[in-house]
Every structure is written in structure tokens, then in C-alpha cells.
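Visitor: Sequence and computational prediction follow.
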Amino acid sequence: MRPGPRNLITDITGLTVGNAQDDRLVSGTTVLLAERPMPCACVVMGGAPGTRETDLLEPDKLAPGVDAVVLSGGSAFGLAAAQGVMDALHAEGRGFAVLSARVPIVPAAILFDLLNGGDKGWSGNPYPALGRAALADCGADFALGTAGAGTGAQTAQVKGGLGSASLVLEDGITVGALVAVNPMGCALTPSGRHFWAAPFEIDAEFGGLGPDSAMGLQPLPPSAKSAAMAALGNTTIAAVATDAALDKAALKRVATAAHDGMARALVPSHSPHDGDLVFALSSEARPLTDPAAQISAIGHAAALCLARAIARAVWEAVPVPGDTLPTARQRIDERR
């Protein structure tokens, strides 16, 4: 396996990504746009999710595909970003046909970033406009780190962010991940000098720091995020995608497997205070020749991509005035 040419989820043809953020708000939105409706599934493993339209993604439900997926900051307020995206797509004539009507299908998930130091005293919900702006920004290349839904994200010890990664399997199938990282847990090991995801790194994509040399079980340090008054401000939300032709049932299995990548890269994961969630999409471009073996390989690749995307999100975060936590690079430099 090797990364795709961009090492982004947009290595899957037919997918683009756009970001929008408000630096005063210290929050933002990311849109994953499908060129045409794509089958999509969703698996929630955190105890505090915030979602929109996820029931439709169950294998036994009617909607055959989604037009876009929204990842947003803003807690429940951020779900309104999907409305901005839906309205803009409707104006373009897109959506699920119901006789003469068209209804864009835009599932969404949010993370909690209301206590990160930004100005949250808005008079009107800013997220519909952020959703529209992120949709307008969609393209094959996009910023990582302190961008889009990752703008105000934090981990237990350092800033979070937006990440992405991809892999091309031996049979030519491409898998990618997109993630906004805002967990209760840690992306760095207890030493503060290495990533939990280090064993899965490719080409120094998140610093080439290597695995932590400490052996055995290590106690986690106290949460700096909690001390910054964001103890309940959590959740890592992600999408994985492939060009393999998978239906919603197979995609649900891939989303389940992808959660393994979250658990490898963030310790702990899936807590009662995280809304950890993974969407899984297919462009249906490549028919399967050996479904049992290939779906297993795709799930494994999705977990690898998600672990790497999480570390890239944290590694690419940049400092901005008013930060309540350092970036990973700042923390690692302090401890060398």
C-alpha cells in the first residue's frame, strides 16, 4: 500500500473538500462534496454524538446516496451548517427526487468547541453561512490543521485540527480519510514527544518522530484541556471513502473497522463525553472481484488512513493569538 498522489481523501475521484472558518469565533466547518450522490453509512461509538440525517444512512433505509457530508464545530449550533449546504445544493437543482421535488441529502456531525476562548456571543447562528462558504470552497486540495471544522479543535494536551490521508491498495482500490480531531483523549504519548499513531506513519507525514521508546503501560498526564475549562468539549468526527463499489451494508462494516484507527491514534477514545463518529462513502467506480477479502482489506486501510489523518491534523495545527493550548510542535519542542 502507498498514499495516493495528494495523500488526501480527494484521491477518490468524485470527492472534493471545502473549508470555512471564522477566526474570531475560533470555529469552522468542512464539507465533503460528492460529484453525484454516493452511498453512505455511519457508525457512532462515542457517548455524546451530535448528528443530522444519520438515520437515513442505515442499510434498511430509503435514501440511496448523499450529496455531501458536513463536519462542523459549534456543538448543536453547528448542525445548521448542513442547512446552508442543503439550501445551496437545492439552488443548483441537486437532491433526491420525490416526484417533482428535489431534496439534497446532507448528513452532518458536530464537535464541541464552545469553550475554546473564541467569541461565541453571536446574535444570529453563523453556521449556515459557514456551510455555504465551505461548499463554495470545495476542491481537490484543501488546508489541514487549523482549518475548517478543525479551527477550534483541541485534544487533551495540545491543539487538534483537520486531517486527511489516503492509501492505494495492491489491487488499485483507493481509500481515504477526513477527520476533525477534538477528543477528550491524547494524540501524543505520555512523554509528549511522540504520536500514538507513529507505527502507521508514511514518509514523515506527521514529523517522522518515530514510536515512543517507553515500554509497558504508562499513566496518562492530567488533561490540560480540562484545566482550560473545556472538560466536556470533545468529539472526533470523520469520514472515510473508497472508490470500491460498496453498498450501505458493506460501508457500515468499513466505518466500524475505521474506528479502530481512531482508537490507535487517540487514547482514550469513544468515551461517554466524546461523540466519536465515522461516515463511510463509496464512489462505486471499481467493481469488486473478491468481495469478502476486499471489504476486509478496505476496512483495514480505512483504519490506517484514519489513524494517520488524526496525527496529521494535530501535527499541522498552528498557533494563533488567544490559544488556550499549545500546538503539538510547540509541546514537542519544549520536551526535546
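Guide: Structure's in. What do you need?
Visitor: Enumerate every residue touching Phe200.
Guide: Gly261, Arg264, Leu304, Ala307, Arg308 (C-beta atoms under 8 Å, 6 or more residues apart in numbering). Backbone N, C-alpha and C define where each C-beta goes, glycine included.
Visitor: just Arg264 next, same as before
Guide: Per C-beta under 8 Å, 6+ apart, neighbours of Arg264: Trp196, Ala197, Phe200, Ala303, Ala307.
Visitor: thinking the second one is in contact with Cys305, fair?
Guide: No. The pair Ala197 and Cys305 fails to qualify as a contact (C-beta atoms under 8 Å) at a distance of 10.8 Å.
Visitor: quick one on the thing from earlier: put together CSV for the contacts of Arg264, with distance to Thr236 and pLDDT on each row.
Guide: CSV is the format used below for the contacts of Arg264 (distance: C-beta to C-beta, whole Å; pLDDT from 0 to 100):
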residue, distance to Thr236, pLDDT
Trp196, 13, 95
Ala197, 13, 97
Phe200, 16, 97
Ala303, 14, 98
Ala307, 11, 98
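Visitor: all helices in this structure, in order from the N-terminus.
Guide: 80-91, 127-136, 224-227, 248-265, 291-315, 328-334 (DSSP state H).
Visitor: low-confidence ranges in the stretch 101-250 of the chain?
Guide: Under the criterion pLDDT under 70, the flagged ranges of the stretch 101-250 of the chain are 226-233.
Visitor: For the protein, which segments are assigned as strands?
Guide: Along the chain, the segments classed as strands by DSSP state E run 15-22, 27-38, 40-44, 51-52, 66-72, 96-98, 101-103, 108-110, 161-168, 174-181, 237-244, 277-286.
Visitor: right, and those strands - which one's nearest Asp60?
Guide: strand 40-44 (11.4 Å; C-beta to C-beta).
Visitor: What pairs with the closest one, parallel or antiparallel?
Guide: strand 277-286 (antiparallel) (DSSP bridges).
Visitor: hmm, back to that, from the contacts of Phe200, list the buried ones, please.
Guide: Gly261, Arg264, Leu304, Ala307, Arg308 (16 or more other C-beta atoms under 10 Å).
Visitor: before we move on, back to that, mean pLDDT lowest where, among the helices of the chain?
Guide: Lowest mean pLDDT of the helices of the chain: helix 224-227, a mean of 70.
Visitor: ok, back up a step: return the most buried member of the strands of the chain.
Guide: Counting by mean count of other C-beta atoms under 10 Å, strand 174-181 has the highest mean neighbour count of the strands of the chain, with a mean of 32.
Visitor: For Asp67, which residues are in contact?
Guide: Leu33, Ala34, Pro37, Leu89, Arg94, Gly95, Pro104, Ile105, Val106.
Visitor: Please tell me how far it sits from Asn125.
Guide: Distance, Asp67 to Asn125, by C-beta to C-beta, to the nearest Å: 22 Å.
Visitor: Equivalent analysis for Ala97, please.
Guide: In terms of C-beta to C-beta, Ala97 sits 29 Å off from Asn125.
Visitor: ok, now Ala48?
Guide: As for Ala48, its distance to Asn125 is 21 Å (criterion: C-beta to C-beta).
Visitor: And the pLDDT for the residue lying closest to Asp141 once chain neighbours are set aside?
Guide: The shortest distance from Asp141 to any non-neighbouring residue, by C-beta to C-beta, 6 or more residues apart in numbering, is to Arg6 (6.7 Å). pLDDT recorded at Arg6 is 97.
Visitor: still on that earlier bit, for the contacts of Phe200, which one is nearest Thr327?
Guide: Of the contacts of Phe200, the one sitting nearest to Thr327 (C-beta to C-beta) turns out to be Arg308, at 18.2 Å.
Visitor: is it true that Phe77 touches Leu130?
Guide: No. The pair Phe77 and Leu130 does not pass the contact test of C-beta under 8 Å, sitting 10.4 Å apart.
Visitor: Looking at those two now, which is surrounded by more residues?
Guide: Leu130 (32 against 18; other C-beta atoms under 10 Å).
Visitor: related to what we said a few turns ago, counting neighbours, go ahead and name the busier of Ala197 and Cys305.
Guide: Cys305 (33 against 28).
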